[in-house]
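Student: here is a sequence with its predicted model. Questions after.
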Amino acid sequence: MCFRIERVRCESAAGTASAFSIHGILCCWTPPICASWLSCSTDGALSNVELARRVHLSPSPCLARVKALQAAGVIARHVALLDAAALGLGLNVFISISLKAQNKASLAEFEARIAEHDEVMECYLMTGDSDYLVRVVVADIGALEKFILEQLTPIPGIEKIRSSFALKQVRYKTALPLPGHRTLRNE
């Protein structure tokens, strides 16, 4: 789904003013308030009352706008992000996988099978040397070996598996970069 932030003109008895619309839903009047609306993407536990305070709305209209963003598919879901290391999952591995054939049936079979494994955090169909890039989180090398030998290699059609280990996570975020957001803040 395309995500739009755009400037709109609002007319009322008080006159005409500029406002900002997020995916066609009027959300904010000024760039700083628009940034506050978008702060809910970095703090899923932000209460409606606190969000309403930040965007200068009463709680009821604020909740109506959040529900409209949910209905439009802009807000997909609310989750709690767990710390992998605190759960004993200290090994972050990127696995490049090449398939023997790149037809629709082979791709669909691989995608269905790889999605069955909880260790798989992300899986991308790629261009370039390999067909898929898979991010796996496991406890240690032994768990990785078990995952590769017992769960990954039995998937039909795999030709080549190459693993790379993350030495350090330099940046990890879940909040998406919003088109036009930086421009709006600087106006």
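Tutor: Arrived safely, thanks for sending.
Student: going by C-alpha atoms from here, please, whenever you check contacts or count neighbours.
Tutor: OK.
Student: poorly predicted segments of this structure, please.
Tutor: Across the chain, the ranges flagged by pLDDT under 70 are 1-42, 178-187.
Student: tell me the centre residue of it?
Tutor: Centroid-nearest residue in the chain, with Cα atoms, centre = their mean: Thr174, separated by 5.1 Å.
Student: check the gap between that residue and Gln151 for me.
Tutor: 28 Å (Cα to Cα, to the nearest Å).
Student: burial measure for the residue nearest to Gly88 when sequence neighbours are not counted, as a count.
Tutor: Among residues not flanking Gly88 along the chain, Ala139 sits closest, at 5.7 Å (Cα to Cα, 6 or more residues apart in numbering). A total of 16 residues lie near Ala139 under the criterion other Cα atoms under 10 Å.
Student: what's near enough to touch Ala139?
Tutor: Applying Cα atoms under 8 Å, 6 or more residues apart in numbering, we find Ala139 in contact with 88-91.
Student: against Ala72, how distant is it?
Tutor: Using Cα to Cα, Ala139 is found at 38 Å from Ala72.
Student: can you tell me the element Arg135 falls in?
Tutor: Per DSSP states H and E: Arg135 is located in strand 132-138.
Student: who does the helix ranked longest in the chain touch, helix- and strand-wise?
Tutor: In terms of residue count, the longest helix belonging to the chain (DSSP state H) is helix 59-71. On a contact count with 3 or more Cα pairs under 8 Å, 6 or more residues apart in numbering; DSSP states H and E, helix 59-71 meets strand 25-28, helix 48-55.
Student: show me what the last one is packed against.
Tutor: Secondary-structure packing of helix 48-55 (3+ Cα pairs under 8 Å, 6+ apart): helix 31-38, helix 59-71.
Student: distance from the chain centre to that helix, please.
Tutor: Offset of helix 48-55 from its chain centre (Cα atoms, centre = their mean, to the nearest Å): 23 Å.
Student: buried residues of that helix, list them for me.
Tutor: Buried residues in helix 48-55, counted by 16 or more other Cα atoms under 10 Å: 48, 51-52, 54-55.
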